[in-house]
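Trainee: Below is the structure, and that's it, no one-letter string:
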């Protein structure tokens, strides 16, 4: 393998030619992370000459292929003379995965172990699960209803046609039927009606929706207001099928680090040996007391700095100018190493297992014997180093306080460090505890053998390694605690506040400790402090403790949820694991009652479980994150949004939408999501309307044609009706805006109409169904009566009815539009002109069935009078109803439209409060008159004062799981898993 060449298979490294004898692959194609990784040859191959490589003989033992790109557990056994048949473990650090690119590496040599579809990349390929929007689900239900209606029409009219045929048609002298017809002739008339009604379900609706949805995605890509100038990152819509779901989001589940914060770690404060540094200035690196302690070689401070410098996987790289740059896979490690360098403890080089440190003009050499890697279960990382000057062996450790403080040696007072961690967390800083201890050579030798055996295991290697690590990580001297600042992104508090006003609930899912998460939540307006808000804690280490805590919080939520106080709950990963295993139903009710939740110390799988839980309650969920640990959550949610941040592009590539900053989420939902919902709602219902209109005219005509299933329109007219006459005008709805973007952003509460599905539901569809029936009756009756005494051909009657349909639909589209551009006007009225141009052309062809018809009709005043009459009678009631609603019963949106058009003072949330309350009361009345469903109020549709209110019923709950058996309802649910 040479530099800049992509690996074609998964390789175990044998030899690397580069500075430091390490390969530096770029794995962005796999995990999206832009930081370079380091890979090394296994110890038995270190020092081999290039000429010896082709003489190597041995065996590599590999596990069954899997798709976990962070693990590759294998063993290598080389035959003499290279090594005496000894087993050496191989890990991901000795592996080049497929589709990686080498950087800063001249070449690398290895053995291919997996190829083709057996590589991790090959096994990760697959078709993602399609996401069905709420609007698509509603359209499918309406399509099913129309299909049943179509079958009813076919059966009823088919039977009626056969009855009329036998009772009346045979008596007519101009109709001749064979008396000995075969039995299947009874199916002819029903099949004719099936053909007539076949366009009742518009096949073109899918094509039209796919077309406009692709334009919605392009609008997001082209939006300059969502362009991240700082990092040169535009917004991007990877999924073109779910834009309207953005306008119906009810829950947002967000990561913290890198999503709400900048993920730019800055070392701010520390506590070393009980002494606090940086408290006054807010910057420990400028604290005179700490600088003096470094200059005076304070033992505790020097140990602390050594752990900061050595306990990591950072690789120092010298630039051509001589300065040292650090390549780190973790932003925390980068901050710690740079902070140590600023305090004169400089990591100069790492050559293989040897590390060189310069401190106050002294050179210190260390050999890294073993690395005990960080895992989400252990929550700490350790390294075993050999001091080359003294020959002593040390264990250096760093990790979360709950993982480090229990490992302190017996008798050490750790209260100061506990207080320091709590204090730093309350300031919103990320904390780590650092410790070390000296190892006896005998102890290390014995442990090293166990560690090697665990690393050589092909089964349960991670568990075995963790068990062995625990045997060494004890009796530590806790040196102190570090505090790293991760600043909030610009506009995060304002964005969350506006989205909460729109009725969206927020859950923050983070791996940080509870106190840090609470402080960040306060800073970004996720939760409110007392007395406005109240934060309820769910904690406990045992199942009983968690159950009691959950019961207390749930009862508090039930009692106070009707009060104006903002309630939220916080839970850590340990308690959450118990809850998701044993108390899922109770936690579901709690999730419904609470608008805000903070989940701390959660794993990627727990994040996905929480998304799945909310989806099970029929909520539309949006998950947003920036790192690889957020991918499962993003893929599980109805809508996944990835932030292209410092943790790479893995989340952005797995998401439906990618943005550069969290603040762009406000525009993505309120502008693009709302417009997409409004436009799709009109387009889908209009598509049914135009198809039903022509079908109803055909059905009405059948009553004048002996219910024989005769078509009023010819096949050419029907084809042109769907393809040209009615499709082009409605597609311009992608440019329609009921309110300006500025008004929408100033009044986020109007998103309620989208969340509640006010524009597309069975009720609104019934209105369009009735409109199509009314317009069909108007067109048919006026046309028949206008030409009743005329000696007209059937083709003339057909053309008059078709013309009336086109005129009416032009007025319908015009009336339903809220804004007009030149392109929209051209499409609507230019299409009407094109209708006449096309039919004049067809009427001039002698061989066509419509020869001279259009010329004759247009010369008749009765034709134009009929069309004017059809338009007036058809649109009169529609205009009157629309005027009545707009003038006397305006919605909040109508009020804002009036303000915009009159250019008067713009309404805000305060101005619209009374109107919104009225709208919500109307929805509550609709909910109270609806038949009760045989299910919990948790799953009721959106009917009351907010999109989620109907699911927050305060009545008797079916989740009274903590009550004694004798006090439960007659249908108790035991939430404990069987």
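Mentor: All right, it came through fine. Every value quoted in this text rests on a predicted model; they were computed, and no experiment measured them. Numbers count the residues shown, from 1 in each chain.
Trainee: Look up the closest residue to the most centrally placed residue in the chain, ignoring the ones flanking it.
Mentor: Nearest to the mean C-alpha position of the chain, by CA atoms, centre = their mean, lies residue 640 at 1.4 Å. Using CB to CB, 6 or more residues apart in numbering and skipping the chain neighbours, the partner closest in space to residue 640 is residue 634 (3.5 Å). For glycine as for every other residue, the C-beta is placed from the backbone atoms N, C-alpha and C.
Trainee: Then residue 349?
Mentor: Closest residue in space to residue 349, ignoring its immediate chain neighbours: residue 356 at 4.7 Å, by CB to CB, 6+ apart.
Trainee: and that neighbour, how many neighbours does it have?
Mentor: Neighbour count for residue 356, taken as other CB atoms under 10 Å: 16.
Trainee: Please shift the residue numbers so they start at 39 in all later answers.
Mentor: Happy to do that; since the first residue is 39 now, the last one works out to residue 394.
Trainee: The host helix or strand of it pairs with which strands, parallel or anti?
Mentor: Using DSSP states H and E, residue 394 falls within strand 392-397. Strand pairing for strand 392-397, using DSSP bridges, gives strand 383-389 (antiparallel), strand 400-410 (antiparallel).
Trainee: Any chance you could list what contacts the last one?
Mentor: For strand 400-410, the external contacting residues (CB atoms under 8 Å, 6 or more residues apart in numbering) are 348, 351, 388, 391-396, 419-427, 431, 435, 482, 486, 489, 503, 507, 510-511.
Trainee: Narrow those residues to those in strands?
Mentor: Per DSSP state E, strands hold the following members of the contacts of strand 400-410: 388, 392-396, 419-425, 431, 435.
Trainee: For residue 438, which residues are in contact?
Mentor: 417, 418, 469, 470, 471, 551.
Trainee: quick one: buried residues of the host helix or strand of the fourth one?
Mentor: Think residue 470. When elements are assigned from DSSP H and E, residue 470 belongs to strand 468-477. Across strand 468-477, burial judged by 16 or more other CB atoms under 10 Å covers 468, 469, 470, 471, 472, 473, 474, 475, 477.
Trainee: As CSV, the residues you listed with distance to residue 625 and pLDDT would be great.
Mentor: Formatted as CSV, these follow (distance: CB to CB, whole Å; pLDDT from 0 to 100):
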residue, distance to residue 625, pLDDT
468, 28, 86
469, 28, 90
470, 31, 92
471, 31, 95
472, 36, 96
473, 36, 95
474, 41, 93
475, 41, 94
477, 45, 94
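Trainee: Between these, which sits nearest residue 381?
Mentor: residue 472 (13.8 Å; CB to CB).
Trainee: burial of the residue nearest to residue 234 when sequence neighbours are not counted, as a residue count?
Mentor: Of all residues not flanking residue 234 in the chain, residue 736 sits nearest, at 4.7 Å (CB to CB, 6+ apart). Using other CB under 10 Å, residue 736 has 25 neighbouring residues.
Trainee: Residue 736 touches residue 752, doesn't it?
Mentor: No: using CB atoms under 8 Å, residue 736 is not in contact with residue 752, being 12.0 Å away.
Trainee: Show me the domain layout of this structure.
Mentor: Following the assignment in the TED database, the chain carries domains at 43-163, 238-255+709-932, 268-289+529-707, 299-525.
Trainee: for the stretch 89-238 of the chain, what spans make up the strands?
Mentor: Using DSSP state E, counting those that start in this stretch, the strands of the stretch 89-238 of the chain run over residues 96-99, 112-116, 125-128, 133-134, 139-141, 145-152.
Trainee: list the buried ones in the first one?
Mentor: Right, strand 96-99. Buried residues in strand 96-99, counted by 16+ other CB under 10 Å: residue 96.
Trainee: related to what we said a few turns ago, given the strand holding residue 470, what are its sheet partners and their directions?
Mentor: Strand 468-477 has the following sheet partners, assigned by DSSP bridges: strand 431-437 (antiparallel), strand 515-526 (antiparallel).
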